[in-house]
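1. fold the following for me, if possible:
(chains A and B)
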Amino acid sequence: MQSRVAYCLMLFVLGLPACAVAQGLSHRPDAGMRSGFEAADVGPYKDADAARFLTQATFGPTFYDIAHLRAVGYRNWLNEQFAAPVATQVPYLDWVEGLPPVPDGNNTVTDSTRMEIWSINSVGTPDPSRGMVIPTDQLRQRMAFALSEIFVVSSKNGTLTYEPWALASYYDMLAANAFGNFRDLLEDVTLHPAMGIYLTHLANQKANSALNIRPDENYAREVLQLFSIGLVQLNTDGSPVLVGGQPVPTYNQATVTGFAAVFTGWNWNNTGCGPTTYVCCDENNYSNCGRYDHNIPSWKLPMQPVEAFHDSTSNKQLLDYPGVDLPGGVLPAGGNATAELNLALDNIFEHPNVGPFIARRLIQRLVTSNPSAAYIQRVANAFNNNGSGVRGDLKAVLRAILLDSEARYGPWQYPSIFGKLREPLLKNTQLWRAMEARTETGRVETLSPYPGIEDWYGQGPLRSPSVFNFFQPDYRQSGEISSLALYSPEFQILTDSNIVSTNNRLFSLSFCFYSEGESCWTNGHGAVMKLNTLRDASLANSNPGALLDRYSLLLMSGQMSPFMRQTLLNRLNALDDEPNRPLSRQRIQHALYLILNSPEYSIQK
Amino acid sequence: MGLNRRRFLRNSIAALGSAGICSAFGNLRALAAAASHTTFPAGDFKALVCIFLNGGNDSFNSVVPFSASQYADYRSSRSVLIANGGVAFDQATIQANALLPLAVQPGLPGGPPSDGGSYGFHPALAEMRQLFNTGKVAIVGNVGTLLHPITQAEYQAGTVAVPPQLFSHSDQSIYWQSSRPDDANANGWGGRMADRLYTGNTGSVPLCISLAENNLFQRGDIVSSYGMSPEGVEKLSYLGDGPESWVIPPNEDGFAAYNALLTADSQEHVFERSFANSTRDSIANYEVIDAALSTAPALNTVFPDTRMGSQLKMAARLIQVRAALGMSRQIFYVSQGAYDTHNNQVGDQQWNFSQLSQALKAFYDATVELGVASSVTTFTASDFGRSLGVNVDGTDHGWGGHHFVMGGAVRGQRFYGAMPSLRYDNNPDETGFGQIIPTTSVDQYAATMAAWFGLSATEIADIFPSLSEFNQANLRFLG
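-> Next up is the predicted model:
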């Protein structure tokens, strides 16, 4: 407090009014907001409530979506989204490949092409590969992105760097399963060749004592630790089961060995293989078959078994837990690769940990870093039973997450800790959606700056540095967060250098590209995302306070504090009309930049 | 300052509750400073450089035996030669890259490998081999995470506790970096050293600087680390001296607004305060570091144009400007990826090691150029060693593994610790699942560096509470 006073005094002496005028104002959002008089799933009754819901459920609110959500209500909106046509990535890559080459077109397909379609589908801009159709499946795409941060594969893998079709297909698989059943998702993840390459169970083979070969344990370990149950037994509310004060491990090395043996014998899908294409995988061609071209079916279709390399002769210790189907959790020898895979995935899926494990991760991705135990339990209950006796229904999980009273009323229930640090990529998409950004051609190069977007933001879609994602669920920022024993996953990428590079990227997005033109050097003309600054020009000219209220709604769900609003207003009022820099545009740009990089906005609440 | 005092601090913070947390932090700093290190005298400079090999290096294909009996054991595990699609080196290749250890000297530990065998380096570690054979590098055999010394029988019977989640990347890299497998929430041993030393630096830049990812190793109770790009610091465009500041006119009112939003302790939400603090610290640090670097002459030593080379070059430059930064102690973190060689190990390790070895050689040369070779110690760490058995053309997760220590203060050209048998069957040194049981704990490895770095025996016991479980608190590879 003292230092702020000193700072403001200094500004005052210098004749800078910003802080002095805002000094006495509250740093909290205005009170008087709704706090749970109605059922959580009824509404929204205010634009700000709608915007807050859309911030959790989409890549950012728009005026249209706010109005539409208010018109139909939360539950109908969710049902509409569950039924919305699915936007995919693979066809876009195919479309680009079919274009004429430079200079008449650009038909080079790289991982940057995948960034284009990720942007189009996530931001919801016209898709040139589909006659400029606008993708509308925001919730599905948002869920796919969340899943991509749990079921991680990455272009940072030496092989996948050069396989945009494989990664696009993987992402499409996540999107396809976003509203499906977790058991199907787990199987599709397990058998996707991108995962097979990434966690090295593709062409994994049974033990061969003559060559001292043991089944690769990589996927076996991570599918348990990261994708389904975690390391220790959980109560339904996500807390660890304690015995004698100590957590209880969910599995041991024998279990990992058992699952590794299950995941043997799986290799490339043989669709399209043959003498004129690529080598079919079989008993005689196990290590040198399959892929060789980027856009072939085997990169996009589930792996297939080669039984000769599957371990059908050993009993396999799988997970053992109360009520487990397999006696003692042991899978008896003799099954073929597919039968054993199914039983093993069932064995994982039925483990009581899966509900709370996935519930906490998805809540953290969409709503808050520190859900209460009761919130986790309510979502886990929905995972365990969707109300019709079905386990693993992700629609029920999403409804439970987004319509929970904590999701809807958290900022009033836990005003100083509810919410999460916004991911830089989501700041970016929210800006573009709020400002109706478009490119001239429909193609999008703005997510492929130099160096890659992940070097600016510390993250990029399917570009994690490791299977542990850009950040981990249990990360605690040093200092106050850690001493309060809170979790803060996204702070793991808030490194000193990422703070600057993310901020500078958001500077570029705010100041460089706008309706009337562009100010900065770029090599992506025609494919540069430009903000629709003209939309807000007259308001910016006539009433900068109302402009800030508009951006508070779109970007901050109306949560901008009086202090912050006054501080920004002072800045906007001090700007001048200049040649080539109309006052209206400057006001818009400074307002956006200052919001995007402010502490209040940076925490989604 | 002992554990009791820290516990007191934690309790007092908890007692204050969230309302008083900001002032509690002021108190924490004040209390810590009162009991901490006095300013280091001029000329008393030391730096530690942690090279983290992400993914778990197969050190059994890094330091490889070629003497007949040990080589036969190696081949019983790694039976297929590289030429035939496996991972095993042929004997002649290793012999051609032989390490030439010194004989045991009276009164000093270290010397030839404990098993009496002869060893060579992976051929891609050519520069490292030269440094070993000239006394600048030592090998510490079979280091790993441990709570107590443990034998195979004890491991298999489960009668002696082991670190949780052995063979898991995330957990074991955490325990390597915290050296506290007894506490999953512990912070890093580099950070805990810095907690006790940071007041000895006169400058404001954190004692711990990462040139790679945000890491646990450098997190302490009190200190946090500064993370910067190996290419140097970048500044904020909005504040007037960044890469695109030219896009907007002079912006003093903008600075004022931006800074007002970041004002310390003014935010109402815990996460907002943390975001504001991190941002302010980042700006303050880049200003200081940029000013210091901009005045320094270029190094004559040429670094390879690799990520590893860039990271170590920046470490050398930050050492070069230590006086301008007011730093008498520095802890650096650099890392290299892609050691999780389940497959294609031969190609990946060749690529990794050639970059590692060339960059380390350049870094050592730079410390000589700067006259601080004996003040800078560089060491490797990794998730774990790898399995004896193979996944066709790769290896699986293991436990213990060999590590390297480099610098003018290193009693080099020696092996420390014990070299395990690499035999596939009836091997008393492995778990039964093909992972080697460590015989030197991370505690011992780390405490040896802490002692050299200037921590007292009391402080070391506080930083490494399990150290007393092991019979040597100082391996004496640093003199």
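
2. write out the residues of the stretch 251-400 of chain A neighbouring chain B.
-> A:Gln253, A:Val256, A:Thr257, A:Ser287, A:Ser369 (Cβ under 8 Å from any Cβ of the partner chain). Backbone N, C-alpha and C define where each C-beta goes, glycine included.

3. among the residues you listed, which one lies nearest to B:Ser421?
-> In terms of Cβ to Cβ, no member of these lies closer to B:Ser421 than A:Gln253, at 20.3 Å.

4. ok, A:Gly105 - contacts?
-> A:Leu99 (Cβ atoms under 8 Å, 6 or more residues apart in numbering or on different chains).

5. ramachandran coordinates for the spatially closest residue to A:Leu331 that is not a sequence neighbour?
-> Closest residue to A:Leu331 apart from its sequence neighbours, by Cβ to Cβ, 6 or more residues apart in numbering or on different chains: A:Lys316 at 4.3 Å. Main-chain dihedrals, A:Lys316, degrees, to the nearest 10: phi -120, psi 120.

6. so where do the helices sit in the stretch 101-250 of chain A?
-> For the stretch 101-250 of chain A, applying DSSP state H, counting those that start in this stretch gives helices covering A:111-119, A:138-148, A:164-177, A:182-191, A:193-198, A:218-225.

7. wait, does stretch B:237-248 make contact with chain A?
-> Yes - Stretch B:237-248 reaches chain A (Cβ under 8 Å from any Cβ) through B:Ser237, B:Tyr238, B:Gly242, B:Pro243, B:Glu244, B:Val247, B:Ile248.

8. any stretches of chain A with poor pLDDT?
-> A:1-21, A:31-38, A:292, A:522-524 (pLDDT under 70).

9. what's the longest helix in it?
-> helix A:496-511 (DSSP state H).

10. so it, near chain B or not?
-> Yes - part of helix A:496-511 sits near chain B under the criterion Cβ under 8 Å from any Cβ, namely A:Asp496, A:Ser497, A:Asn498, A:Ile499, A:Val500, A:Ser501, A:Asn503, A:Asn504, A:Phe507, A:Ser508, A:Phe511.

11. just the buried residues of those.
-> Buried by 16 or more other Cβ atoms under 10 Å in any protein chain shown: A:Asp496, A:Ser497, A:Asn498, A:Ile499, A:Val500, A:Ser501, A:Asn503, A:Asn504, A:Phe507, A:Ser508, A:Phe511, out of the residues of helix A:496-511 next to chain B.

12. ok, the third one - contacts?
-> Think A:Asn498. Each residue near A:Asn498 by Cβ under 8 Å, 6+ apart is listed here: A:Pro424, A:Trp456, A:Tyr457, A:Gly458, B:Gly227.

13. one more: the first one?
-> The contact partners of A:Asp496, by Cβ under 8 Å, 6+ apart, come to B:Tyr226, B:Gly227, B:Met228, B:Ser278, B:Asp281, B:Ser282, B:Asn285, B:Tyr286.

14. just the last one next, same as before
-> If a contact means Cβ under 8 Å, 6+ apart, then A:Phe511 has A:Ser519, A:Cys520, A:Gln589, A:Tyr593, B:Glu244, B:Val247, B:Ile248 as its contacts.

15. of these, select the buried ones using a PyMOL command.
-> Entered in PyMOL, the line below selects the buried ones among the contacts of A:Phe511, by 16+ other Cβ under 10 Å:
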select buried, (chain A and resi 519+589+593) or (chain B and resi 244+247+248)
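
16. just the contacts of A:Phe511 now: which is nearest B:His269?
-> Minimum distance to B:His269 across those is 21.0 Å, recorded for A:Tyr593 (Cβ to Cβ).

17. give me the three-state assignment for the closest one.
-> helix (DSSP: H, G, I helix; E, B strand; the rest coil).

18. ok so, going back, can I get the helices of the stretch 101-250 of chain A in JSON lines including distance to chain B and mean neighbour count?
-> Below are those laid out as JSON lines (distance: least, Cβ to the nearest Cβ, whole Å; neighbours: other Cβ atoms under 10 Å in any protein chain shown):
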{"stretch": "helix A:111-119", "distance to chain B": "17", "mean neighbour count": "25"}
{"stretch": "helix A:138-148", "distance to chain B": "18", "mean neighbour count": "24"}
{"stretch": "helix A:164-177", "distance to chain B": "16", "mean neighbour count": "24"}
{"stretch": "helix A:182-191", "distance to chain B": "16", "mean neighbour count": "21"}
{"stretch": "helix A:193-198", "distance to chain B": "9", "mean neighbour count": "26"}
{"stretch": "helix A:218-225", "distance to chain B": "5", "mean neighbour count": "24"}
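
19. could you pull out the helices in the stretch 301-450 of chain A for me?
-> A:337-349, A:354-366, A:373-384, A:394-402, A:405-413, A:424-434.

20. domain assignment for chain A?
-> Chain A breaks down into these domains under automatic domain parsing: A:182-352, A:366-413.

21. any stretches of the stretch 1-150 of chain B with poor pLDDT?
-> Ranges of the stretch 1-150 of chain B meeting pLDDT under 70: B:1-36.

22. try it again at 50.
-> The stretch 1-150 of chain B contains residues with pLDDT under 50 at B:1-31, B:33-35.

23. burial count for A:Arg70?
-> 16 (other Cβ atoms under 10 Å in any protein chain shown).
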